[in-house]
Each structure stands twice: as structure tokens, then as C-alpha cells.
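Chemist: structure, please.
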Amino acid sequence: METVNGDSLAVVPQETMGNLSNVESYNQRVDEIFKKVNKLEKNLNEVEQFYSSANKKQPNTSKGSSVLKDKDREKLFASFKRRQQDAASREAAAGKRMQELMRQFGMILRQITQHKWAVPFMQPVDVLGLGLHDYYEVIEKPMDFSTIKSKMEAKDGNEYKNVREIWADVRLIFTNAMKYNNERDDVHVMAKTLLEKFETKWRQLLPKVGEEEKRRKEEEAEMQLDMQLTQDVAHAKMAKDLSGELDQVEVHLEELRDMVLQNCRKMSTEEKRRLSSAIAKLSPEYINKAVEIFAQGNPDFQASREDVEINMDVQSESTLWKLKFFIKDALQGRGKNSSNINEDNQNNNNKRKREICGALAKTSQKRGKKFPG
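Modeler: A predicted model of the protein is given here:
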């Protein structure tokens, strides 16, 4: 006990301060590993969802066809890289073809609008001026040539995407007039006559329109395939990175666990006895792994016989604690229903990491209370 200005101060032993510092360091590293594992789990879920969705689209794919699919994918990916290289030129060519179709359609449009009977259809119907009070009840979508012209010249995203959209609006002008006016009305007769002339000229252009539409569909299908291939490549890379990162996490966990084990309290005689009894409950496979743990802690140890005698009293504390954690995991895993083995294998890595982290945290707490002196 020391005094400063008359106040008593407790002097904390240097060894205790070092122990507390180590505990904090362990806890901090465990937290970092937890954050890393959580991030990896999110990425893993994304990859699983992507491939699960892809498999649902092809539920009847056999093993043989799967191999063929992989070969096809390589060819398609090579084709995709070539298409990427000339994507700009393809877009430019498509734009020119569309402009040419628009130009030819524009010629048809001028021929129709220059007809002497086209005057009633050039501007929107003057509903109020003509007293057509029921017009909007009969006609759902009014249309006229000035509206079409404005939409053809628009640059705000509301413009026509292709000539078929313009064709539909031109037809709408005439069908609206025929629908609202009686067959004997002049407007009905003029609309019917112009519609017939328009359809005749449209049929002449239609083969080129159909060819371009077919070509655009093929290009869109290629774009969809390109997107799929891009996603395949991205998720394949993500899966590969995940594998490496998970291995790194496993290494960090083992390193951290070894650090903690080296500072664990001494195991009591009773605990060693229970440990020996627990080994007898293991399956042959797990017994072999337990022997490997002994061998790791004893470089000179050789299990050359079927019956191996192991003296618990000569084992290091880190070996004993590592063995205890291993046996706990093994006995817990053996108690699971065999029908869930596949599912357990999938979750084993994450479960093991969490259990190790939990063991590290508990051991760190014990170590903070009692470190070997």
C-alpha cells in the first residue's frame, strides 16, 4: 500500500496487470474474428442463394448434361468477351438501322399527312369548341398527328422506342375517329380511307420491321446471357475468395486458441481421470484424432501399435485442454440424429468457430481469475 498526499493507493501487482492486458487482447481478437465470420456468412448466403436460384431454373439437369453445360459455358464466356469488345460498334449499328427505319416510316407519315383529307386529324380534337361533351367517355386515349410529331422529336425519355409504337398511334388516330363518328359521317369516311392507305404502305415496310425486331430480340437474349455469365464469374470468384478467407479464419482461431491454452490453469487429477474415461467413449475415428493431438504436443510420440498407452500426467497443459475441447465437440456431435448428417456437415465449420470462440472467451475469463503461477 502506498500513500500520495495522504491518500491510500492500492498497488496492483505487475503480473496481474499483464494478465488483464492479455485477457483484453484475447477478447478483442475474438470480437474481430466474430465480425469477420459474420461478414463471410453474409457473402456465403449470397453465393448459396445465387446458385440455388440457378439450379431451380434447370431442375432436371443430369450429371452428364452438367459437364456439357460447363463446356458450353466456357465457349459462351469466350464469345461474351468478344461481344464486349465490339459492344459499342453493335450499338452504333443498331442505332443506324433504327434511324433508317424511322426515316422510311417518316416518308409514309408525310404522304398520309399531306393528303387533303388529313386536316381534321392534324391537331387534337376541339372537344369544347365542337360541343362534344361525351367524347372522353367514348374515346379512352385521344391521338393526333401533332402529338405524334412532338413525341417523335422528344429527347426527354418519352420518345418512341421503335416504329411499331408510332404505327400504333397513327392507327389510333383513325380508329378513334371511326369509333366516335357514324359510318356515314365525312370524318368517319375520311379516317377509314386514310387508314387503308396507311396500312398498305405499312405492309411494305413491315418485313424490314420484323427483321429488325427479330435481331433486337436476339441481341437482348445475348445481353441476358452476358449478364448471367458476368454474375457467374463474380460469384465464382466470391466463392473462391470465401474458401481462402475461411481457411484464414480457421488458422487465426487455432493460433488464438493455442495462445489461450498455453496460459490455462493446471488441470486437476480428477479432471485428467474424467478425460481418460471420456476418451474410451469415442469412436475409433475420433480416438485416432485424439492420438494425433497427443502427437502434436509430443514430437517424439509414435503410435505404432493398435493399443497405445498414454500417461496423462506427462502431457502439457495445452495438450490436455486441447484434448478436452476436442472430446466435448466429438461427444456432442455423436449425439445428433444420423438423418441430419449432411446438414450438420454444412453447418459444422460455423458451429465449430462459434464454439471455439466461446471456449476462448470462457478460458480468458478463467485466466483473468487464475493464471498459472
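
Chemist: quick one: neighbours of A278, just the number.
Modeler: 16 (other Cβ atoms under 10 Å). For the C-beta atoms, the positions are set from N, CA and C on the backbone; glycine is no exception.

Chemist: for it, pull up the helix or strand it's in.
Modeler: Per DSSP states H and E, A278 falls inside helix 269-280.

Chemist: quick check: buried residues in the very next helix or strand once past that helix?
Modeler: Per DSSP H and E, the first helix or strand lying C-terminal to helix 269-280 is helix 284-297. Across helix 284-297, burial judged by 16 or more other Cβ atoms under 10 Å covers 286, 290, 293-294, 297.

Chemist: helix 284-297 relative to helix 269-280, how many degrees between them?
Modeler: Interaxial angle of helix 284-297 relative to helix 269-280 (axes from the mean of the first three to the mean of the last three Cα atoms, to 10 degrees): 130 degrees.

Chemist: what packs against helix 284-297?
Modeler: In this structure, helix 284-297 packs against helix 317-334, with contacts taken as 3 or more Cβ pairs under 8 Å, 6 or more residues apart in numbering; DSSP states H and E.

Chemist: just checking, what packs against the helix it packs on?
Modeler: Counting by 3+ Cβ pairs under 8 Å, 6+ apart, helix 317-334 packs on helix 186-261, helix 269-280, helix 284-297, helix 341-369.

Chemist: and the gap between R257 and F326?
Modeler: 11 Å (Cβ to Cβ, to the nearest Å).

Chemist: show me which of those two is the more surrounded one.
Modeler: R257 (20 against 17).

Chemist: pLDDT score assigned to that one?
Modeler: Per-residue pLDDT puts R257 at 71.

Chemist: equivalent analysis for N350, please.
Modeler: Per-residue confidence (pLDDT) for N350: 50.

Chemist: kindly report the same for Q231.
Modeler: pLDDT at Q231 comes out at 76.

Chemist: same question, D169
Modeler: 96.

Chemist: from L109, how far out is it?
Modeler: From D169 over to L109 (counting by Cβ to Cβ), the distance is 10 Å.

Chemist: what's the overlap in contacts for these two?
Modeler: I148 (Cβ atoms under 8 Å, 6 or more residues apart in numbering).

Chemist: of the two, which one has the most company?
Modeler: Ranked by neighbour count (other Cβ under 10 Å), D169 and L109 place L109 first, with 21 against 17.

Chemist: can you tell me the element the closest residue to the more buried one other than its chain neighbours falls in?
Modeler: Excluding the flanking residues, the one nearest L109 by Cβ to Cβ, 6 or more residues apart in numbering is V170, at 7.1 Å. In this structure, V170 sits in helix 163-180 according to DSSP H and E.
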